[in-house]
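> coords below, sequence missing:
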């Protein structure tokens, strides 16, 4: 049963957007709650900048290794501190060596493509409340290529029967670096709590309406 107190259908805060969708149909309405995360394309551009910086550092390392053949490493560092102009000239000569440049940029590009191809992000997580049946938790993944192209990924679903749910709870989680709220389900005959959102960390303002809807689905009273 849907909570009689109508919550806002859409809430946006930061990168998260909460959407409340109620589908009417027999025997009762299906209550659907989505947490959608927006990803910025700037991440791909930033990574490209880091890749270029990494390539330049590799060029300097190769140059230092070549100079190490002629003089001790300690003297090399001291001399290079006072001779950066010569260092830049040597870098230009090293870049002109096509074999070194091809190998260097080949490794950089291969690492970049491998990282992007294996990058799997969460697009949204949904809570589907089926009255008298249970709750289905869904996580939708997607893949990014170069931070620009989005490709649909897999979807993970987990159904919990209504008679297995003892109580939904809101917990405040504190770590050495951050503090956030989580929504969990106390499951019958299980010691560990079941996280409703396994990948995302939406703010408390988005978790409260979902928590209230879960309480209403199992006839659990809640305190404001």
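On my side now, so go ahead. Computed from a predicted structure; not experimentally measured.
> where does residue 36 fall, secondary structure wise?
strand 30-37 (DSSP states H and E).
> what is that strand packed up against?
Judged by 3 or more Cβ pairs under 8 Å, 6 or more residues apart in numbering; DSSP states H and E, the packing partners of strand 30-37 are strand 16-23, strand 120-130, helix 204-217. Just so you know, the C-beta spots here come from the backbone N, C-alpha and C atoms, and that holds for glycine as well.
> at 6 Å what do you get?
Identification of packing neighbours for strand 30-37 by 3 or more Cβ pairs under 6 Å, 6 or more residues apart in numbering; DSSP states H and E yields strand 16-23, strand 120-130.
> who's in contact with stretch 178-195?
Here stretch 178-195 makes contact (Cβ atoms under 6 Å, 6 or more residues apart in numbering) with 164-173, 196, 201, 204, 207, 211.
> domain map for this protein?
10-41+119-217, 43-117 (automatic domain parsing).
> return the set of buried residues in stretch 154-171.
160, 164, 165, 168 (16 or more other Cβ atoms under 10 Å).
> all strands for the chain, in order.
In the chain, strands defined by DSSP state E lie at 10-13, 16-23, 30-37, 120-130, 134-145, 149-161, 165-174, 179-187, 194-195, listed in chain order.
> any figure for the gap between residue 181 and residue 173?
Using Cβ to Cβ, to the nearest Å, one obtains 7 Å as the distance from residue 181 to residue 173.
> more neighbours, these two?
residue 181 (17 against 10; other Cβ atoms under 10 Å).
> against residue 141, how distant is the more buried one?
Taking Cβ to Cβ, one finds residue 181 at 23 Å from residue 141.
> likewise residue 36?
Taken as Cβ to Cβ, the span from residue 36 to residue 141 is 13 Å.
> looking only at neighbour counts, state which of those two leads.
Each of residue 36 and residue 141 has its neighbours counted (other Cβ under 10 Å); residue 36 has more, 19 against 15.
> which residues does the more buried one contact?
17, 124.
> from what I can see residue 161 touches residue 133, true?
No. Contact between residue 161 and residue 133 fails when scored by Cβ atoms under 6 Å: they sit 7.4 Å apart.
> grab the nearest non-local neighbour of residue 183.
Using Cβ to Cβ, 6 or more residues apart in numbering and skipping the chain neighbours, the partner closest in space to residue 183 is residue 196 (4.3 Å).
> quick one: neighbours of the one you found, just the number.
25.
> that one and residue 212: what is the separation?
13 Å.
> could you do residue 187 as well?
Noted for residue 187: a distance of 19 Å to residue 212, by Cβ to Cβ.
> do residue 33 as well
10 Å.
> tell me which of those two has more neighbours.
residue 33 (23 against 18).
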